[in-house]
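S.K.: Using only what follows, build the 3D model:
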Amino acid sequence: MQIFVQEQIRALTMFFGTRYEDVNQWLQDTEEIFDRVQLKPSNKYLAVQSYLTGTADTWFRLHKSNIPDWSTFKKEILEVFKTSVNQTSSDSNTHSLPPPEIKPLPLPISNSNVYQQPDIVVLPEQSSSHESTNTESIKNSTVDNTVDNIPNVNSSTITNIPSPCSVTAVVNNNIAHEVNLYRLLDR
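M.R.: Predicted coordinates:
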């Protein structure tokens, strides 16, 4: 009799907790085997823990303190792992395979992202004719910490700098964008 019980319990299938597994069917099969070998509810609760793996095992370990017995276990696992994919109408005779699971891959991020528009900043150019005038005016000016009439700029592109000579510089802000992307991925 002991060998029969062991063989029956070994016949149980593992429950991973994926969305394509039918938790109702798994629980029904498990209960049927447990009843066949006449396990008490307390022993059912102990035995079933060995047949949880993957997401189901992680869920159980995290919530074990709130699941004290077999009855609570059945109710909770049905609630957590119920799926709409496996619920088919009873009059349907066709069986189709579930679509393959799609897992997101990490995005490669480099400083040479060709799809990102660079930020363009126009800077005043220091030429030899302006250099002496600019240096002299800086020496003679007083520091004024007041700033008036700054327009609300929503981008990092600066235009309309009052200077007869200017240089256009391309600024690559990939590092800032990369940090923001990682922050979004961590959520």
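
S.K.: Let's test this: name the helix or strand in the protein with the lowest mean pLDDT.
M.R.: Using mean pLDDT, DSSP states H and E, helix 128-140 stands out as the lowest-scoring helix or strand of the chain, at a mean of 50.

S.K.: what domains does the record give for this structure?
M.R.: Here the domain parsing of the chain from automatic domain parsing is 2-81, 108-130+156-187.

S.K.: ok, of those, where does mean pLDDT dip lowest?
M.R.: Here the lowest mean pLDDT among these goes to domain 108-130+156-187, at a mean of 54.

S.K.: I'd like to know how many residues surround Lys75.
M.R.: Neighbour count of Lys75, defined by other CB atoms under 10 Å: 11. Bear in mind the C-beta positions are built from the backbone N, C-alpha and C, glycine included.

S.K.: host element of it?
M.R.: Assigned by DSSP states H and E, Lys75 belongs to helix 70-81.

S.K.: Now Ala11, what are its backbone angles?
M.R.: Recorded main-chain torsions at Ala11 are phi -80, psi -10, according to degrees, to the nearest 10.

S.K.: In space, what's closest to it - neighbours in sequence excluded?
M.R.: Ile33 (6.3 Å; CB to CB, 6 or more residues apart in numbering).

S.K.: contacting residues for that neighbour?
M.R.: 8-9, 11-12 (CB atoms under 8 Å, 6 or more residues apart in numbering).

S.K.: Show me which of those residues are buried.
M.R.: 9, 12 (16 or more other CB atoms under 10 Å).

S.K.: got the contacts of Ile33 as TSV, with distance to Lys75 and secondary structure columns?
M.R.: Converted to TSV, the contacts of Ile33 look like this (distance: CB to CB, whole Å; DSSP: H, G, I helix; E, B strand; the rest coil):
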residue	distance to Lys75	secondary structure
Gln8	24	helix
Ile9	22	helix
Ala11	24	coil
Leu12	20	coil
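
S.K.: before we move on, the earlier item: figure out the helix or strand that the residue nearest to Ala11 lives in.
M.R.: helix 23-36.

S.K.: For that helix, list every residue counted as buried.
M.R.: Buried residues in helix 23-36, defined by neighbour count with 16+ other CB under 10 Å: 23, 26-27, 30, 33-34.

S.K.: now the helix holding Lys75 and helix 23-36, what's the angle there?
M.R.: Helix 70-81 runs at 160 degrees relative to helix 23-36, counting by axes from the mean of the first three to the mean of the last three CA atoms, to 10 degrees.

S.K.: Go through helix 70-81 and flag the buried ones.
M.R.: Applying a neighbour-count criterion of 16+ other CB under 10 Å, one finds 70, 73-74, 77, 81 buried in helix 70-81.

S.K.: Fine by me, we can end here.
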